[in-house]
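In: Sequence isn't available, so here's the structure alone:
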């Protein structure tokens, strides 16, 4: 398992780096509108009604942004939690924990692709 | 196509006579501000992992139809969801500020024939992109444009 993780390290780091960079660049705009302003009723009613939201998400660029907002934070989160585990608990059990975390990120990413394709 | 090198290809067959002590977390790490910030940076991983899963739910609800979408927006008005998303926003800002300070220092001295721009320029570009993307998303998702 440890060897497999070491061999996959470049791919994991690529997704982790993209998660920190792109995930962080995209999150504030998304959070402020979809998850905070819309539920609090601070947006015009038509801004995120179903038809407009679907139209935005099915636009090729919109689909990519939506997928990035799903997958990249998952990889950033998985890799940083692995690092936190090593710091706080130790390296002896980290291969199993890392495998579990990366599996969550992988399955979440695949489901994200499926969700975007279903739109 | 050449395969990946074995990860332990360069490992010596026997341990060297002197080795560095294994890394160990000091017992008083909570009292050390730099270590606290470092661990907090790692701990944002939990928030990012959870928001990735919640955003997956957003895409799923959008694919499921108008009723599922409306139910999702209604559930987001719950105080726990609002508090969670406010925490994610704070985490994203914390990660951005720390990472954008670190990123220029991590650039190689040269990339082929090119030298990277000076650090303040790289940092200004990162903050510029952050502000531009946030404003664009606010305008598009907020219904102001197009």
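Out: Sure thing, it's come through. Because the structure is predicted, anything quoted here is derived from the model rather than measured.
In: Okay, the residue of chain B most remote from its centre and chain A: tell me how far apart.
Out: Here the centre of chain B is the reference, and by C-alpha atoms, centre = their mean the most remote residue is residue B:17, at 39.5 Å. Separation of residue B:17 from chain A (C-beta to the nearest C-beta, to the nearest Å): 23 Å. (C-beta placed from N, C-alpha, C; glycine too.)
In: how much space between the residue positioned nearest the centre of chain B and chain A?
Out: Averaging the C-alpha coordinates of chain B gives a centre point, and the residue nearest to it by C-alpha atoms, centre = their mean is residue B:95 (5.8 Å). Residue B:95 sits 5 Å away from chain A, taking C-beta to the nearest C-beta as the criterion.
In: which stretch of helix or strand covers that residue?
Out: Assigned by DSSP states H and E, residue B:95 belongs to helix B:79-102.
In: other SSEs contacting that helix?
Out: With contacts taken as 3 or more C-beta pairs under 8 Å, 6 or more residues apart in numbering or on different chains; DSSP states H and E, helix B:79-102 sits against helix A:24-30, helix B:33-64, helix B:119-141.
In: and the angle for it with helix B:33-64?
Out: Between helix B:79-102 and helix B:33-64, the angle comes out at 130 degrees (axes from the mean of the first three to the mean of the last three C-alpha atoms, to 10 degrees).
In: Show me which residues of helix B:79-102 are buried.
Out: Under the neighbour-count criterion of 16 or more other C-beta atoms under 10 Å in any protein chain shown, helix B:79-102 has B:81, B:84-85, B:88-89, B:91-92, B:94-96, B:98-100 buried.
In: Over to residue B:145. Which of the three states is it?
Out: Classification of residue B:145 into helix, strand or coil gives coil, according to DSSP: H, G, I helix; E, B strand; the rest coil.
In: Next, it: phi, psi?
Out: Reported as degrees, to the nearest 10, the phi and psi values for residue B:145 are phi -150, psi 140.
In: OK, contacts around it?
Out: Applying C-beta atoms under 8 Å, 6 or more residues apart in numbering or on different chains, one finds that residue B:145 lies in contact with residue B:139.
In: And it, how close does it get to residue B:49?
Out: Residue B:145 sits 32 Å away from residue B:49 when distances are taken as C-beta to C-beta, to the nearest Å.
In: just residue A:40 next, same as before
Out: Residue A:40 is 25 Å from residue B:49, where distance means C-beta to C-beta.
In: Now look at the top helix by length along chain A and say if it contacts chain B.
Out: The helix that spans the most residues within chain A, counting by DSSP state H, is helix A:60-88. Yes. Applying C-beta under 8 Å from any C-beta of the partner chain, one finds helix A:60-88 in contact with chain B at A:66, A:69-74, A:76-81, A:83-84, A:87-88.
In: Can you list the buried residues in that helix?
Out: Neighbour-count burial for helix A:60-88, counted by 16+ other C-beta under 10 Å, picks out A:62-63, A:65-87.
In: Residue B:91 is in contact with residue B:48, isn't it?
Out: Yes. A contact is recorded between residue B:91 and residue B:48 when judged using C-beta atoms under 8 Å, the distance being 7.1 Å.
In: list residues touching both of these two?
Out: Taking C-beta under 8 Å, 6+ apart as the contact rule, residue B:91 and residue B:48 have no neighbour in common.
In: In three-state terms, label the residue farthest from the centre of chain B for me.
Out: Three-state call for residue B:17 (three-state DSSP): coil.
In: Just want the phi and psi numbers for it.
Out: For residue B:17, the backbone dihedrals are phi -60, psi -30 (criterion: degrees, to the nearest 10).
In: do the same with residue B:111
Out: Note on residue B:111: its backbone torsions stand at phi -120, psi 100 [degrees, to the nearest 10].
In: could you list every residue that touches residue A:102?
Out: If you count contacts by C-beta under 8 Å, 6+ apart, residue A:102 has them with A:5, A:8, A:12, A:78, A:82.
In: Appreciated, that's everything.
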